[in-house]
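**Student:** just coords:
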């Protein structure tokens, strides 16, 4: 493949990644407004909102550095790939916990969790768009296995802080498995362990798929930077 063709394809991919991340920022901002209108400051108590706001921050930073990449040919910083990966993993935890835990427990209102209010953006549109952009346009630098542990840290910190606040009854919930004063402590511990296992599994699979896309582009003649620890 000729070098100028490679450069054109890389530039198109960079532009697509910029547009996708800019759209994510816009949709997340809309979701932020809707969440604040519905829950006020308490919307920050939910893992769904926190993971989406983390993604909004990662996408905003990506847009800023993508402008430099497109206009000046500057390389995206190594930490940005890691930050995007971590935010994607948190979004996937949100998406799959909704699908396999919260929706089955919601009965007739299950589908509403995918399109009602801010949930349309935070449970459906933003996770799908962010994951698509991450795999389709952003795979340039392979990530080390240690990133799996980093990706689990936000979920662990959220669970630890919220259980602590529930234990001292500073707040209630917002999820049933965090209400340690309404159920035996080992029930909450079991649920948190299950969700952490889901987070670890999703982080591992996401890393494998992301690195595979990088490897695949390398074999198709796309320039791939050497694997480095971040």
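**Tutor:** It's in. Predicted model, so just to flag it, every value in this text is computed and none were measured. Numbers count the residues shown, from 1 in each chain.
**Student:** for this structure, name the helix or strand with the lowest mean pLDDT.
**Tutor:** Across the helices and strands of the chain, mean confidence by mean pLDDT, DSSP states H and E is lowest for helix 3-39: a mean of 88.
**Student:** from the contact counts, what lies against that one?
**Tutor:** Contacts defined by 3 or more C-beta pairs under 8 Å, 6 or more residues apart in numbering; DSSP states H and E place helix 3-39 against helix 47-72, helix 126-136. Heads up, the C-betas are built off the backbone N, CA and C, glycines and all.
**Student:** the inter-axis angle of it versus helix 47-72?
**Tutor:** Per axes from the mean of the first three to the mean of the last three C-alpha atoms, to 10 degrees, the angle that helix 3-39 makes with helix 47-72 is 150 degrees.
**Student:** secondary structure element holding the residue nearest the centre of the chain?
**Tutor:** Nearest to the mean C-alpha position of the chain, by C-alpha atoms, centre = their mean, lies residue 88 at 2.4 Å. Using DSSP states H and E, residue 88 sits in helix 78-97.
**Student:** helices or strands next to that helix in the packing?
**Tutor:** helix 47-72, helix 126-136, helix 147-167, helix 185-219.
**Student:** show me what counts as buried in it.
**Tutor:** When burial is assessed from 16 or more other C-beta atoms under 10 Å, helix 78-97 yields the following buried residues: 80-97.
**Student:** next SSE after that helix?
**Tutor:** Next element after helix 78-97 (DSSP H and E): helix 112-115.
**Student:** give me the contacts around that next one.
**Tutor:** Identification of contacts with helix 112-115 by C-beta atoms under 8 Å, 6 or more residues apart in numbering yields 98, 102-103, 106, 119-120, 123-124.
**Student:** of those - the most surrounded one?
**Tutor:** Compared across the contacts of helix 112-115, residue 123 has the highest neighbour count, 27 neighbours, by other C-beta atoms under 10 Å.
**Student:** and it, what does it touch?
**Tutor:** Shown in contact with residue 123 (C-beta under 8 Å, 6+ apart): 48, 94-95, 98, 113-114.
**Student:** quick one: low-confidence ranges for the chain?
**Tutor:** For the chain, applying pLDDT under 70 flags the ranges 1-9, 220-230.
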